[in-house]
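> Sequence isn't available, so here's the structure alone:
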């Protein structure tokens, strides 16, 4: 019997969910500097606060999101997650009117005049708007925290171990594609609707992008079933999916099997290995995701709706997208061609990817030559991260039973969120301080805000090698957790 390949249809659904996830995250980063900040009088520190608290709330919710996905199951859990984050994305559009009401203005134009005048009125508007955006970002985090625990759990359900890194790399490429499409679509949407007189333009960008998640929900309700229950998976494909001995054993267990206790998860070195890997590296990706548009504006005076800025960011994420998918093939090569055990092959691949971010060290020195050098080098950093990410997620399904995969993924995602909070909050404070100090603030030959960027780039460059060393120390060889 020729086997079906429905698992790749499911992988495509995960890819599109992750794409929508990152489109929703990117709307703010691509509109704040040129559309939102002038309206509310935001500084880098204001934006850093919003991105940092999104990260920390995402981290706290992730701690329980995985457990919730394990409890609800992947179908219901994913539906609730994408519903909440899509609704939250749309609600960002109301922050302008909300600020106007809270601050007691009769119109947006009157509020804009107060921002230009500055003083206590301008400060009050900036503060109120930041709190409203924080509320919306918190709700966005509430939903988005469920994406990766659900996607990794589905990947474990639909793939044998040898294919999980590849499947994860494919759906995780949705993050890169979302980031790739964002600079081409979002600034143009904002610019178009601003020219049409529809608010500041940025509001419709949030609404249109946010609505995509509701479309995805309809397809998920129609297509998703567990492999053994799906009418689209035949016996040959089911046998392939369950080709791992432990996968077949798990499939034979009662459907009501309990997961490993939440607190017991923290007694395993494997859990702490995943926590360390996520804590040190997730912040790198989120820093570049949130700050790259501002970086090109600050360093090269290229606003997000400038054709060159859009081309730079699109090129950056095109590099990330195409190189990162190859990251899923490398451990498969080590397993099938070199005869390595899955975990060992994965760790060897992750060591290779850990060297990619060192390219960040050259981004600032080469920036004066051309902005294309930082774009290409940051693209290499992002490709290394996404390849690393595909494999570190797969270590969870390698070492833990499927019934606990989402829980552990959520715990690690929490750690990544904490790391992201630290780097985003710290970066916003650092950039505001460095800009204020001007030539008095120096680092490795750079002055002012460029020196601040160089400091953060150095942190990003070394993060992965530190993470890999800790992971290898905690779990030097493959060891399955039985619970």
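Nice, thanks for sending it over. Keep in mind it's a predicted model, so treat the numbers as computed, not measured.
> tell me what the helix or strand encompassing residue 218 is packed against?
Assigned by DSSP states H and E, residue 218 belongs to helix 202-223. Contact partners of helix 202-223 among helices and strands, from 3 or more Cβ pairs under 8 Å, 6 or more residues apart in numbering; DSSP states H and E: helix 6-31, helix 74-91, helix 161-195. Using the backbone N, CA and C atoms, a C-beta is placed for each residue, glycine as well.
> Looking at these, spot the one closest to residue 402.
Put simply, out of those the one that sits nearest residue 402 is helix 74-91, at 10.3 Å, with distance taken as Cβ to Cβ.
> Please identify the buried residues of the closest one?
Of the residues in helix 74-91, those scored as buried under the neighbour-count criterion (16 or more other Cβ atoms under 10 Å) are 74, 77-82, 84-91.
> what kind of secondary structure is residue 477 in?
coil (DSSP: H, G, I helix; E, B strand; the rest coil).
> begin at 281 from here
Sure thing, new numbering starts at 281, so read that last one as residue 757.
> For it, report the pLDDT, please.
Predicted confidence (pLDDT) for residue 757: 85.
> Kindly tell me how buried residue 566 is, as a neighbour count.
Under the neighbour criterion other Cβ atoms under 10 Å, residue 566 is assigned a count of 25.
> about what we covered before: make a markdown table out of the helices and strands packed on helix 482-503 and add mean pLDDT.
Rendered in a markdown table, the data for those read as follows (pLDDT from 0 to 100):
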| stretch | mean pLDDT |
| --- | --- |
| helix 286-311 | 89 |
| helix 354-371 | 91 |
| helix 441-475 | 81 |
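> could I get those helices as JSON lines with distance to residue 510?
Written out in JSON lines, the entries for the helices and strands packed on helix 482-503 read as follows (distance: least, Cβ to Cβ, whole Å):
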{"stretch": "helix 286-311", "distance to residue 510": "6"}
{"stretch": "helix 354-371", "distance to residue 510": "11"}
{"stretch": "helix 441-475", "distance to residue 510": "16"}
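> Just the angle for the strand or helix carrying residue 564 relative to helix 441-475, thanks.
According to DSSP H and E, residue 564 maps onto helix 549-580. Using axes from the mean of the first three to the mean of the last three Cα atoms, to 10 degrees, the direction of helix 549-580 lies 30 degrees away from that of helix 441-475.
> Against which helices or strands is the next helix or strand after helix 549-580 packed?
Per DSSP H and E, helix 549-580 leads on to helix 587-607 as the next helix or strand towards the C-terminus. Helix 587-607 sits against helix 441-475, helix 549-580, helix 652-679, with contacts defined as 3+ Cβ pairs under 8 Å, 6+ apart.
> Check those helices for me and report the most buried one.
Among the helices and strands packed on helix 587-607, the stretch with the highest mean neighbour count (mean count of other Cβ atoms under 10 Å) is helix 652-679, at a mean of 25.
> Would you indicate which residues of whichever helix or strand comes after that one are buried?
Tracing the chain C-terminally past helix 652-679 and defining elements by DSSP H and E, one meets helix 682-717 next. Going by neighbour count (16+ other Cβ under 10 Å), the buried part of helix 682-717 is 682-712, 714-715.
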